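>>> Just to be clear, the model below is a prediction. Sequence and coordinates:
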Amino acid sequence: MSKTEDLDAYGSPVNDPNSKIGTNTPSSPEGGEAYASGSQFKLILQTFFENKLAIVGVGLVVIAAIFCFIGPLFYHTNQVATTYNITAAPGGHHPLGTDQNGYDVLGRLMIGGQSSLEIGFSVAIIATFIGVLWGAIAGFVGGIVDTIMMRIVDTLLSIPTLLLLIFLASVFKPTLKLLIIVISAVSWLSPARLVRGEALTLRVRDYVKAVRVMGGGSRRIVVRHIIPNAIGTIVVNATFQIADAILIMATLSYLGLGLPPPAANWGSMLSDGVNYVYDGYWWLIYPAGFAIILTVVAFNLIGDAIRDSLEVRLQKR
Amino acid sequence: MIAFLVRRIGQSIVVLIGVSIIAFILEHLLPGGPAKAIIGPRATPIQIAAFNHQNGLDKPVVVQYFVYMWHLLQGNLGRSYKLNQTVNSILIRTVPESILLVGSALVFSLIIAIPIGIYQAVKRNGIFDYTATSISFLLYSMPSFWLGIILILFLAVNVHFLPAEAPQGANLGAILAHPSGLVLPILTLTLVSYASFSRYMRSSAIEALAQDWIRTAKAKGLSQRTILFKHMLRNALIPIATLVGLSLPSLITAGVITESVFNFPGTGFVFINAANTEDYSLLLGIIIFVGVLTVVGNLIADIAYAVLDPRVRYR
């Protein structure tokens, strides 16, 4: 046990790449099956929305979602056939100009945003699901199982994610689904570590012992007690995962290993725009860049705010 | 201390074996196996069979792994058949360049992040703190390649102040002969790593300031300066040793991207080119090299941590 707990010393929130500004990730509520009453959840929500930055974050995400998914219904553009009207300056029919293939940049921003957001959310969900199960089982079972499971995580963590992704993306010609799977496959490690840390502290709590005494099985303890009580850490990490996945996707596309055309995402738009850096075609570089930054900032703000409100809730109890 | 060292080195060896297994699996994940990757996509089954027989690829997987491991232990990282060079010779040529880039960015970002982080912690929730937090938040949310492009746009295209591309040269000397070309790549990477270091530095300093010994020092009537530099700084810097070790993977990642943005002739640039030319043996060789580097870096950081802070050894 001491052998495995040592490792936690390095995986503590201070060193964790996913812990953003502020101090430790709060541990979860103490008590039986979490959120039996709605009042706790209400309190979290209330504190969350008292945070102005949280509202900015939520607002930005809502705007981004409306822009990408509802925008194309009102703003019709041709994003399939190329035209000769290439790299036209903003104005007239094209508020943000056209790109090197004659596609309308504003319309492309909407279409590209769809795949960026889809990838962000899907990766966050899949990676969190795998990571939570992995970490909860490792932390709860402990012993040799824990050691083996966490050594696997350590091994994967020691190869930089992007290098692994670049290798996989150059071997398997990417499709949207494949990219989601591949990015998830390298993103579940940090939730696994975080949840394992939580599980280690939760499994010795009195209410877990009580469940045992009452004859509850291991599966019930993990699913009904350990995971719900670690939900704060999990949700915060999932929010950051969305931001990270969007950035990773953009970087892969920039390096030419993203989705092949005519598929678009904000990263591939930037990648194409970079060829025109010297020509002064700012509309090929700024809009997509700002779209990425605003979305990522938004998710990071939300993640920080959720963590803060969980901390406040713990203080108020 | 010896028990700690033995345990920690043992863990590292296990992880290193894990890295070699992953690389081995990745190699066998290639469609058509290593043979097709080396002799080309149009190889006939007979050629592949002959190649497999020559190179022992028709032996049981376990035997193959041990042969592979034997080569690795001798320091043989494989051969790039596209460039017709050994991976080792490519690394020897390009690693010094990458160390120049990543190393100087690491040093600069720490020089900036440590004083700013401490000042933020001392004057918490002031205007300076909010400004610095917002800037690092923004830098953190920015794709690093976009930051590089924007710097090129402002400092190389709009104002012809600095070259947009890193100096091209076959060795370190040739690159250092044109230092102006190094400014933008190093600046980009410095800003990227500053963004993550400053967050930790601030919270680490806040944590150190909240400790009992700081209160005691204050109660003894020590001056603010003595408290900050004698009591707080040393304790706040300890986690930074581990942080530098742990951020090796992300530093290397950011380095790869920066090298690709500025055509910086380092290992990362070679890696991206290898990905685009499907030079799998070179990709895998570099991946193993970086994996080993990360594991060893983490090990050194942990040992440094234990030396600096005896409490760690007994936890």
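Cool, the structure landed.

>>> okay, and for the stretch 51-200 of chain A, where does confidence drop off?
Scanning the stretch 51-200 of chain A with the threshold set as pLDDT under 70 gives A:80-82, A:84-89, A:94, A:96, A:102.

>>> Show me which residues of it are close to chain B?
Within the stretch 51-200 of chain A, the positions near chain B by C-beta under 8 Å from any C-beta of the partner chain are A:151-152, A:154-164, A:166-167, A:169-171. C-beta coordinates here come from the backbone N, C-alpha and C atoms, glycine included.

>>> Which residue ranges make up the domains of chain B?
Per the record, chain B has its domains at B:2-86, B:88-308, by automatic domain parsing.

>>> right, and those domains - which one's nearest chain A?
Across the domains of chain B, the minimum distance to chain A, taken as C-beta to the nearest C-beta, is reached by domain B:2-86, at 3.1 Å.

>>> where's the residue nearest the centre of chain B, which helix or strand?
Centroid check for chain B by C-alpha atoms, centre = their mean gives residue B:252 as the closest residue, at 2.7 Å. Assessed by DSSP states H and E, residue B:252 sits inside helix B:248-261.

>>> Just the CA trace of that helix, in PDB.
Taking Å, rounded to 0.1, in the frame of the first residue of the first chain, the C-alpha atoms of helix B:248-261 are listed here in PDB:
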ATOM      1  CA  LEU B 248       9.000  17.400 -19.700                       C
ATOM      2  CA  PRO B 249       6.400  15.700 -21.900                       C
ATOM      3  CA  SER B 250       4.400  18.900 -22.400                       C
ATOM      4  CA  LEU B 251       7.600  20.900 -23.000                       C
ATOM      5  CA  ILE B 252       8.800  18.400 -25.600                       C
ATOM      6  CA  THR B 253       5.300  18.500 -27.200                       C
ATOM      7  CA  ALA B 254       5.400  22.300 -27.300                       C
ATOM      8  CA  GLY B 255       8.900  22.100 -28.600                       C
ATOM      9  CA  VAL B 256       7.800  19.800 -31.500                       C
ATOM     10  CA  ILE B 257       5.100  22.200 -32.500                       C
ATOM     11  CA  THR B 258       7.300  25.300 -32.200                       C
ATOM     12  CA  GLU B 259      10.000  23.600 -34.300                       C
ATOM     13  CA  SER B 260       7.400  22.800 -36.900                       C
ATOM     14  CA  VAL B 261       6.100  26.400 -37.000                       C
END
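
>>> Show me what that helix is packed up against.
Packing partners of helix B:248-261 (3 or more C-beta pairs under 8 Å, 6 or more residues apart in numbering or on different chains; DSSP states H and E): helix A:161-171, helix B:87-122, helix B:144-152, helix B:180-209, helix B:267-276, helix B:280-308.

>>> Quick one: distance of the longest one to the chain centre.
Here helix B:87-122 shows a centroid-to-chain-centroid distance of 9 Å under the convention C-alpha atoms, centre = their mean, to the nearest Å.

>>> got it, and the first one?
A distance of 19 Å separates the centroid of the chain from that of helix A:161-171, by C-alpha atoms, centre = their mean.

>>> What residue in the stretch 51-200 of chain A comes nearest to chain B?
residue A:155 (3.1 Å).

>>> Name the nearest residue to that residue, ignoring sequence neighbours.
Of all residues not flanking residue A:155 in the chain, residue B:18 sits nearest, at 3.1 Å (C-beta to C-beta, 6 or more residues apart in numbering or on different chains).

>>> Residue B:149 now?
The shortest distance from residue B:149 to any non-neighbouring residue, by C-beta to C-beta, 6+ apart, is to residue A:274 (5.7 Å).

>>> Residue A:285 now?
Closest residue in space to residue A:285, ignoring its immediate chain neighbours: residue A:273 at 4.5 Å, by C-beta to C-beta, 6+ apart.

>>> again, but for residue B:38
In this structure, residue B:38 finds its nearest non-sequential neighbour in residue B:81, 5.0 Å apart by C-beta to C-beta, 6+ apart.

>>> is it true that that neighbour touches residue B:281?
Yes - contact criterion C-beta atoms under 8 Å: residue B:81 and residue B:281 qualify, at 6.4 Å.

>>> Those two: which has the busier surroundings?
Comparing residue B:81 with residue B:281 by other C-beta atoms under 10 Å in any protein chain shown, the one with more neighbours is residue B:281, at 22 against 15.

>>> Pick the most buried one from the domains of chain B.
domain B:88-308 (a mean of 19; mean count of other C-beta atoms under 10 Å in any protein chain shown).

>>> lowest-pLDDT helix or strand in chain B?
Across the helices and strands of chain B, mean pLDDT, DSSP states H and E gives its lowest value to helix B:311-314, namely a mean of 62.

>>> contacting residues for the residue nearest to the centre of chain B?
Residues in contact with residue B:252 (C-beta atoms under 8 Å, 6 or more residues apart in numbering or on different chains) are A:160, A:163, B:102, B:268, B:290, B:293-294.

>>> Kindly reformat those residues as CSV and extend each row with distance to residue A:110.
Formatted as CSV, the contacts of residue B:252 follow (distance: C-beta to C-beta, whole Å):
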residue, distance to residue A:110
A:160, 32
A:163, 32
B:102, 38
B:268, 33
B:290, 38
B:293, 42
B:294, 39
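
>>> tell me which of those residues is nearest to residue B:168?
Nearest to residue B:168 out of these is residue B:268 (C-beta to C-beta; 15.0 Å).

>>> For the closest one, which non-adjacent residue is closest in space?
Nearest non-adjacent residue to residue B:268, counting by C-beta to C-beta, 6+ apart: residue B:256, 3.3 Å away.

>>> which residue sits closest to whatever residue of the stretch 201-317 of chain A ends up closest to chain B in space, ignoring its chain neighbours?
Chain B sits closest to residue A:296 of the stretch 201-317 of chain A, with a gap of 4.0 Å, by C-beta to the nearest C-beta. Distance criterion C-beta to C-beta, 6+ apart; nearest residue to residue A:296, sequence neighbours excluded, is residue B:141 at 4.0 Å.

>>> for the one you found, what are its contacts?
Contact analysis of residue B:141 by C-beta under 8 Å, 6+ apart lists A:243, A:247, A:293, A:296-297, A:300.

>>> now for the longest helix along chain A, which elements pack on it?
In chain A, assigned by DSSP state H, the helix with the most residues is helix A:105-141. In terms of contacts (3+ C-beta pairs under 8 Å, 6+ apart), helix A:105-141 is packed against helix A:52-65, helix A:71-74, helix A:143-157, helix A:176-187, helix A:189-202, helix A:231-254, helix A:266-273, helix A:286-316.

>>> Let me see the mean pLDDT of the last one.
Okay, so that is helix A:286-316. Averaged across helix A:286-316, pLDDT comes to 80.
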